[in-house]
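Q: build me a structure from this.
(3 chains)
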Amino acid sequence: MRRSLSLLVVLGVACILVTTDCRKEASGNTIKIGVITSLTGNQAAFGQAHKAGYQIAMEEINAKGGIDGKPVELDIYDDQSKPDQAVQGVSKLVDQDHVKLILGAYSSESTRAIVPVVTQKQIPLIMPTAVADNVVETGSQWVFRICAGSGSFATATLDFLKNNGDPKTLAIIYENTNFGQANNKSMAAAAQAAGLNLVDSEAYQATSPDYKALLQRVKSKNPDAIYFASYLLDAGTLMRQSEQLNLNPKYYTSAGTGFAAAEFPSPEKGAGKFAEYTFSVSQWLPSAKWKGSQEFDEKYTKLVGTHPAYHGMEAYAVLQAGAEALKNAGAGATPTAIRDAIRNLNIAETPFGPVKFDARGQNAHPVLVTQIQGGKYKVVWPLDAAESKPIIPTPEWSKR
Amino acid sequence: MSGRKAQLIFSLAVVGLGLLVPIVIRTDYMLNIVFRVFLFAGLGLAWNWVGGYSGQLSLGHAAYFGLGAYGLAMFTNRGVPMWISVLLAVLAALLFAGIIGKVSFRLRGPYFALCTIAFAEVLRLTAKNLPNVTGGDVGIQVPLLFPHATQLSFYYSAVLLTVLGIGITYWLEKSKFGYYLMAIREDEDTALSVGVNTANQKLYALLLSAAITALGGALYGSLFLYIVPDQVLPLEISTELAIVAMLGGAGTLAGPIVGALILETASEVFKNFFKEANMLIYGVLIIVVVLFLPGGIVGTLKLKETPQKLDSESGRVTVDE
Amino acid sequence: MEWVYGNLQVILDGLMTGALYALIGMGMALIFGVMRIVNFAHGAFLMMGMYVTFVLYDRLHLSPYIGFLVAGGLLFVFGFLTYLLVLRPLPGQESFMVILVTMGLSLILVDASQLIFGADYHQINIPLQSTNIHLGPHIAMNAPWLVSFGIAIAMGSAMYWFVMHTMFGRAARAVAQNRYSAPLMGINVNRVQAMAFGMGAAAAGIAGALLLPLLYVFPEVGNQYRLKSFVMVVLGGMGSIQGAAMAGLVLGVVESLTSYYWGNEWAPVVDFVIFILVLSFRPSGIFGSQRA
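A: The predicted model follows:
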C-alpha cells in the first residue's frame, strides 16, 4: 500500500502541475485581446457566429497594420454555454494570459456572471450580445455594452405601435430562458408604463414540436398585438401553428433574434410565407444603411456559408471598438487607461452604427423596427430610417 | 499498515498539500481549479455515504447543492443575515432530503436512481418557471460570504469541507452506523431480516449527505455571486458528484479525493487541449473507467494489494481487512 | 361549444405527440425489460436517427417518410454493435455501471454530432407542411403530424406483434422473465439481448426520423426525450411495451392539457411529477401487470 500511496501522491501533484500553464507572457510582438464565447454547449451556434465575426474584424485590423504596428491576436476561451465556466475564463485570460481587455460573453447569463469578476480584477469588458438589462445595471464602471437591451426593444416596439394604430391589448409569448424571461420582464414593465393592457404572458419550453395548446390560450384572450421572444426555429413553428389555429392578432411583433434572423423569411430554412407581415426589432441587417454592412455580409457569407445574423456583426463591432480604444490609449496602456479610452470613444460611423458609451457603459444603439414584406425585411420605424410603410393590420390567414 | 489507515494518511497528505498550495499558486485561475478540486472532493465524500457505502446510486444530489445556493441567495435577499441564511439553506436541504428519501428509498436499483433524477429536475424546472421568486433564468444575486481575502477564504473553506468529509467518512467506516449502511449495500433484504431498520439508516445517510452538499452549494453560489438554475441544479452536477466518487472508488475513503483530483484537473486540461471535442473525450474517460476500473482507482488498487473474494454473480469484489 | 372544440383540439394534438413518445418509450421498455438496462443514450439514438434522415433529405432529397426505414436499419445495427462491444463486457452489468456507460456514450455521440454537423440547428421544409386537414370548422390537423402519427402507430404495432408472435419475441420475453433459466431452454441470451438493444435503438431512431419534419435537429435534441422515456417505462410497468405505448399517449395528452390550462413551461414538470407519484403509489406501473 505504501507504494500505491506514493504513486497516488505523485499522481495528485502531477495533475496540479499539468494544469499549471507555464506559458510565458505574451511576447511583445502581438496585442492579445481576450474573448469569451460559447464554442460548445447549447449556444454553440451563436458562439461560432461570434468567432466568425471576430475573425473578420481581426483580419481587417491586421490588414491595416494592426495596433501601433503590432498585429492583434485573439485569445478565445470557450465557456461551454455555462456561466461558471465564463467566470473561469476571465481568471484564465487575466491571470494566466495577461490580457488587458475582454470581449464577451455570448449569453446574458454568462455575461452577467462575469461582471463581478472583471470589476474585481479591474479589466474592461465590452459586451457584444447580452440583451438582458441586468448586465449594465450593477453599477460596475468596467463594463460596456454595444448592443441595445431588452428595455430598448420594448420601448421601440411600443413607440411604433402607438404611432401606427395604437392597439389596446398585448400578449407576450416568450421562451422560458434568460433571453425570453428578460424580454418578458422588460415588455411587461414598458407596456404597463405606456398604459397598454397586458392580457396574457406565456412562457414556453423551447425546442418543442407543438405549441398549439399555448397558442390556443393566447387566442382565447384575443389580443390586438402579440410580442414574441423566440429563436429562429421556434419562431417558425409558432408562426406555422398560428396559421393552423387561425390566430389573427392585428400585429405580430417580436424582440428580434428568431424573428430577425436572416433565414427567417426563406422557405427552405425558415418559415417562408408564414413569416410575412411580422414585425421585429432589429440590431442590424445586412441591408442596413450603415457603411460597411454589405461588405461584412459578403465576407461573412464567404467564410461561413450563410448570411450573418446580427450576432456575428456584434462580435465584429466590439473588436473594432476595442481596437480603436487600444489605439487611443497607446502602447503599454494599463487596463484602467484602456477602460477610459473606451468610455471616451465617439465613433460616428461604423457598420454597426455609431459607438458612444454612456455613464452606465451602454451604447445608444438605435433600435429599428422592421416588417417582412414580400419575403424581405423592410425598415418601417423610426420614420427617418424607414424604407417602407408598414402594412397594418396584418391580413388574416384565410385571406392571404 | 491496513488499507484504511493508508487511505487516511493519503487523504490528510493531500489536505496538507492543499493548505500549502496558496504559497505556490497565486493566480485566481489556478486557485479556482484547486478550489473545485477540494469542493468536489468534499461533495464526493458526502455523496459517497449514500452512493458508496449504502449502495444507493443517487443521481439527484444537485437538488441539495442547488438548495444550498438558492437558499443562501433567496433568504439573504429577504433580509436574513448571511450566515443564518446558510443555516436555513441547509435546513431546507434537509427537509427536501427527508421528502426525497421517504419516497425514493422504497425503490430499488435503477428505479431509485431515476426517482432522484426526477426530484432534482422538478426543482430545477420550478426554479426556472418562477422568475418572480427565484429570479428564473435571469438569475439571482448571491451574497459574498467572505468580503476579505476572498479567493483564499473560499479556497480554505473548500479544504475545510473536505476535512469534514474525511473525518465523517473515517468515523463512519468503523462505526455501527457505517456497518449498517454497508450491510444494506451488500444485501438489503438480509440486513432487514436481522433487524436493521434499513429505511431509517438510509435516510440518516442521506440527511448527512444533503447537509454537506448544501454547504458546498452555498459556498459555490457565493463564489460566483450570481446563479441561474442550470448552473446549480442540472443533471450534470449530479453526475459529476457521482462520477468523482466512482472514478476514485465508491465506498472508499480516499476515492472521492482521488476522483476529484483527476476529474477536475482533467476537465480543465481537456477544455484547453481538445476544445470542441472535450465532451467526447470526457465520455470516453467515463466509459474507460467503468469498463476497466470498476472499483474506481482506489478500489482497483486495493484489489491488487489485499486478499479478495470475487462474487461471481454480481462481479463485485469484497475485501478482507 | 367553443370550449369542447378547444379541448378536443388540445387532446388530439396531445395524442399525435404522444404517438411519437410511445414509439420512443416502447424502445426503451424493450431494452429495460429484456436487459434491465437504463439506457441513457436513448435520446442520442433518437438524435442519430434525425441526423441520418436529415442527411438523406438534404443530399438525396429522400422524403423522411421513406428515410425513416434507413434510419431504423442503421440504428438497429448501431445498437446491436454497441451492446456487444460496450455493454455486454460490463462485469455483472451493475445498474450504476450501465447508467454511467450509457451516459458516457451519450456524451460521445452528442459531441461527435456537433463536430460533424456543427452546433447549428437544421430543419427540413417539406411541401406537406403547408397542408392542413380540417375536421369541421373548428379542428385543424397539420398533415406531417398525421403522417408521423400513422407511421408511429404502425411501427409500434409491428414491434408489439414482433415481440408477441415471433420466436425472437418469445425468446426476448423469456430472457426478460428469467435471464438465468433462458439459456437452459436453448436461448442464445447474448444474441437476443443484442437484438433487443438494436430494436430499441431502431425505435428511437425511427421516432427521430418522424420528428424531423415537425421540429429541427441539433446535437442535444435527444436529451429532452431521454428522461421522458424513463417516465414511460415506469408508468407502463416494467418492461411492458404495450404499457409504455399507452403511457406515451397519456403523457402526450397530459402535457398538452397542462400547456392549455397552466402554461407550456409546466408541461415537462408534469412528466416528472407523474413519475414520482407513480413510483410512490404504484411502482408496478399503471398499465402493466407485472411486479415492480
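Q: for the residue nearest to A:Ser398 when sequence neighbours are not counted, list the residues it contacts.
A: Distance criterion CB to CB, 6 or more residues apart in numbering or on different chains; nearest residue to A:Ser398, sequence neighbours excluded, is A:Asn246 at 6.7 Å. No exception for glycine: its C-beta is placed from N, CA and C like everyone else's. The contact partners of A:Asn246, taken as CB atoms under 8 Å, 6 or more residues apart in numbering or on different chains, are A:396-398, C:140.
Q: show me where the stretch 1-150 of chain C dips below the pLDDT cut-off.
A: C:91-94 (pLDDT under 70).
Q: ok and the residue in it nearest chain A?
A: Nearest residue of the stretch 1-150 of chain C to chain A: C:Ala119, at 3.1 Å (CB to the nearest CB).
Q: how many neighbours does that residue have?
A: Neighbourhood size, C:Ala119 [other CB atoms under 10 Å in any protein chain shown]: 23.
Q: contacts only, for it.
A: So C:Ala119 contacts A:40, A:42, A:44-45, A:47-48, C:218-219 (CB under 8 Å, 6+ apart).
Q: check A:Lys221 too.
A: A:169, A:171, A:199-200.
Q: pretty sure C:Tyr57 sits against C:Gly67.
A: Yes: at 6.3 Å, C:Tyr57 counts as touching C:Gly67 under the criterion of CB atoms under 8 Å.
Q: how about the host helix or strand of A:Val118 and chain C, touching?
A: Element membership for A:Val118, per DSSP states H and E: helix A:108-121. No: figure legend: helix A:108-121 not in contact with chain C (CB under 8 Å from any CB of the partner chain); closest approach 15.6 Å.
Q: I'd like the next helix or strand past that helix.
A: Immediately after helix A:108-121, counting by DSSP H and E, sits strand A:125-127.
Q: tell me the strands beside that following strand, with direction?
A: Note on strand A:125-127: by DSSP bridges, its sheet partners are strand A:102-104 (parallel), strand A:143-145 (parallel).
Q: run through who's touching the first one.
A: With CB under 8 Å, 6+ apart as the contact definition, strand A:102-104 has outside contacts at A:33-37, A:50, A:54, A:79, A:86, A:89-90, A:93-94, A:110-111, A:114, A:118, A:123-128, A:315, A:318-319, A:322.
Q: for the last one, same thing?
A: Contacts to strand A:143-145, defined as CB under 8 Å, 6+ apart, come from residues A:115, A:118-119, A:124-127, A:130, A:135-136, A:342-343, A:357, A:361-363.
Q: what's the answer for stretch A:367-377, then?
A: Contacts for stretch A:367-377 (CB under 8 Å, 6+ apart): A:148, A:152-153, A:155-157, A:160, A:253, A:260, A:264-266, A:273, A:275-283, A:285, A:287-288, A:378-382, A:385, A:388, A:390-391.
Q: quick one: buried ones out of the residues you listed?
A: Among the contacts of stretch A:367-377, the ones that count as buried by 16 or more other CB atoms under 10 Å in any protein chain shown are A:148, A:152-153, A:155-157, A:160, A:253, A:260, A:264-265, A:275-283, A:285, A:288, A:378-381, A:390-391.
Q: restricted to helices, list those.
A: Residues of the buried ones among the contacts of stretch A:367-377 located in helices (DSSP state H): A:152-153, A:155-157, A:160.
Q: and which of those is nearest B:Asn278?
A: A:Phe153 (34.8 Å; CB to CB).
Q: okay, the closest one: pLDDT?
A: A:Phe153 is assigned 95 on the pLDDT scale.
Q: and for A:Cys15?
A: 56.
Q: with the one 3 residues further on instead?
A: According to the per-residue confidence, A:Val18 scores 54 in pLDDT.
Q: then B:Gln308?
A: Per the predicted model, pLDDT is 52 at B:Gln308.
Q: just the one 5 residues further on next, same as before
A: The confidence metric pLDDT takes the value 61 at B:Glu313.
Q: secondary structure element for C:Phe125, which one?
A: Heads up, residue C:125 is Asn, not Phe. Judged by DSSP H and E, C:Asn125 forms part of no helix or strand.
Q: what's it sitting at in phi/psi?
A: Dihedral pair for C:Asn125: phi -120, psi 100, per degrees, to the nearest 10.
Q: the residue nearest to it when sequence neighbours are not counted: how many residues sit nearby?
A: Of all residues not flanking C:Asn125 in the chain, A:Glu268 sits nearest, at 5.7 Å (CB to CB, 6+ apart). Look at A:Glu268: counted by other CB under 10 Å, it has 9 neighbours.
Q: could you pull out the helices in the stretch 151-292 of chain C for me?
A: Secondary structure of the stretch 151-292 of chain C by DSSP state H, counting those that start in this stretch: the helices cover C:167-177, C:189-211, C:223-236, C:241-261, C:267-281.
Q: out of those, which gets nearest to chain A?
A: helix C:241-261 (3.7 Å).
Q: who are the packing partners of the closest one?
A: helix A:212-221, helix C:2-35, helix C:143-165, helix C:223-236, helix C:267-281 (3 or more CB pairs under 8 Å, 6 or more residues apart in numbering or on different chains; DSSP states H and E).
Q: again, only this time at 6 Å
A: helix A:212-221, helix C:2-35, helix C:223-236, helix C:267-281 (3 or more CB pairs under 6 Å, 6 or more residues apart in numbering or on different chains; DSSP states H and E).
Q: would a markdown table of the contacts of C:Ala119 with neighbour count be doable?
A: Output for those, formatted as a markdown table (neighbours: other CB atoms under 10 Å in any protein chain shown):
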| residue | neighbour count |
| --- | --- |
| A:Thr40 | 26 |
| A:Asn42 | 20 |
| A:Ala44 | 25 |
| A:Ala45 | 20 |
| A:Gly47 | 30 |
| A:Gln48 | 22 |
| C:Phe218 | 25 |
| C:Pro219 | 28 |
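Q: okay, now the residue in the stretch 51-200 of chain B positioned nearest to chain A: neighbour count?
A: Here the stretch 51-200 of chain B gets closest to chain A at one residue, B:Asp137, 4.2 Å apart by CB to the nearest CB. Neighbour count for B:Asp137, taken as other CB under 10 Å: 25.
Q: chain A contacts on the stretch 151-292 of chain C?
A: C:214-216, C:220, C:256, C:259-260, C:264-265, C:268 (CB under 6 Å from any CB of the partner chain).
Q: out of those residues, what pair is the most spread apart?
A: Farthest pair in these, by CB to CB: C:Glu220 and C:Tyr260, 26.8 Å.
Q: who has more neighbours, those two?
A: C:Tyr260 (24 against 18).
Q: and the gap between the residue most central in space within chain A and C:Ser113?
A: Note on chain A: the residue nearest the mean C-alpha position is A:Thr129, at 2.5 Å, using CA atoms, centre = their mean. The spacing between A:Thr129 and C:Ser113, counted by CB to CB, to the nearest Å, is 25 Å.
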